[in-house]
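Peer 1: All I have is the shape, not the residue letters:
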């Protein structure tokens, strides 16, 4: 699923849907991820009884005849029939995957900060009983939009000061209810939401001109990516590229 732009592998990422964008870029792209849909079907048996009068007639004789019928003697006989009724519902799809975060050097700081960011996305948003909506994005494809239901972090490597510099993050997400009926992970998601890995010589102005036709849009582009100093962008950095409409609303 990896896409190549000018020889550089595009990294997958998770970002918070609510602006300003908060983002975690994968150090290594996942080897696999699992999309699961579940149906709940309940089968209920509805029973009905039918009585036929035998030689003993109705009333008390019929009650007595029921006992006789059990012994194979004439009298009232009971016939029981059943009919199955199925009721079903579909749960919102889920996505599970493991993410590797690695500083790539021993200074530390980035891995731990990304893990803390992911943990914050497990918290309920203010004024809501739901965690924030998060998007799994890779290359030109938006594969999944939902919220975290489970998050586990295993710190695997530390620097000399004990700061984590490598972590394995196990994520489980449930699809956002309003998108569950329309989203299909094989369809490629929403083309308007993209990302770009910077190469040597790229600037925010050049990316804004190339992607949106106006270098003046570098300021809102920096804003949605949380960049305070546009001079410090570096090759290998991943930029989230919102739609032109979103970018203009920010600007």
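Peer 2: Nice, I can see it. Keep in mind it's a predicted model, so treat the numbers as computed, not measured.

Peer 1: Apart from its neighbours in sequence, what residue is nearest residue 91?
Peer 2: Residue nearest to residue 91 in three dimensions, not counting chain neighbours: residue 38, with 4.6 Å by C-beta to C-beta, 6 or more residues apart in numbering. To be clear about C-beta, it is placed using only N, CA and C from the backbone, and glycine gets the same treatment.

Peer 1: That neighbour - that's part of a strand, no?
Peer 2: Yes. Counting by DSSP: H, G, I helix; E, B strand; the rest coil, residue 38 is located in a strand.

Peer 1: would you list every one of the strands in the stretch 51-200 of the chain?
Peer 2: Under the criterion DSSP state E, counting those that start in this stretch, strands of the stretch 51-200 of the chain are mapped to 77-102, 134-138, 141-158, 164-175, 194-197.

Peer 1: Distance check, the residue nearest to residue 91 against residue 95.
Peer 2: 13 Å (C-beta to C-beta, to the nearest Å).

Peer 1: Compare neighbour counts for the two and give me the winner.
Peer 2: residue 95 (20 against 10; other C-beta atoms under 10 Å).

Peer 1: for the helix or strand in which residue 248 is found, packing partners?
Peer 2: Residue 248 is located in helix 244-250, with elements delineated by DSSP states H and E. Counting contacts by 3 or more C-beta pairs under 8 Å, 6 or more residues apart in numbering; DSSP states H and E, helix 244-250 is packed against helix 218-224.

Peer 1: So for residue 194, what's the nearest residue that isn't a sequence neighbour?
Peer 2: For residue 194, the spatially nearest residue (C-beta to C-beta, 6+ apart) is residue 241, at 4.4 Å.

Peer 1: For the one you found, grab the count of nearby residues.
Peer 2: Residue 241: 22 neighbours (other C-beta under 10 Å).

Peer 1: Hmm, residue 204 and it touching each other?
Peer 2: No. Applying C-beta atoms under 8 Å, one finds residue 241 not in contact with residue 204, separated by 11.5 Å.

Peer 1: which neighbours do those two share?
Peer 2: Jointly contacting residue 241 and residue 204 under the rule C-beta atoms under 8 Å, 6 or more residues apart in numbering are residue 221.

Peer 1: picking that back up, mind listing what the residue nearest to residue 91 touches?
Peer 2: Applying C-beta under 8 Å, 6+ apart, the residues near residue 38 are 90-91, 94.
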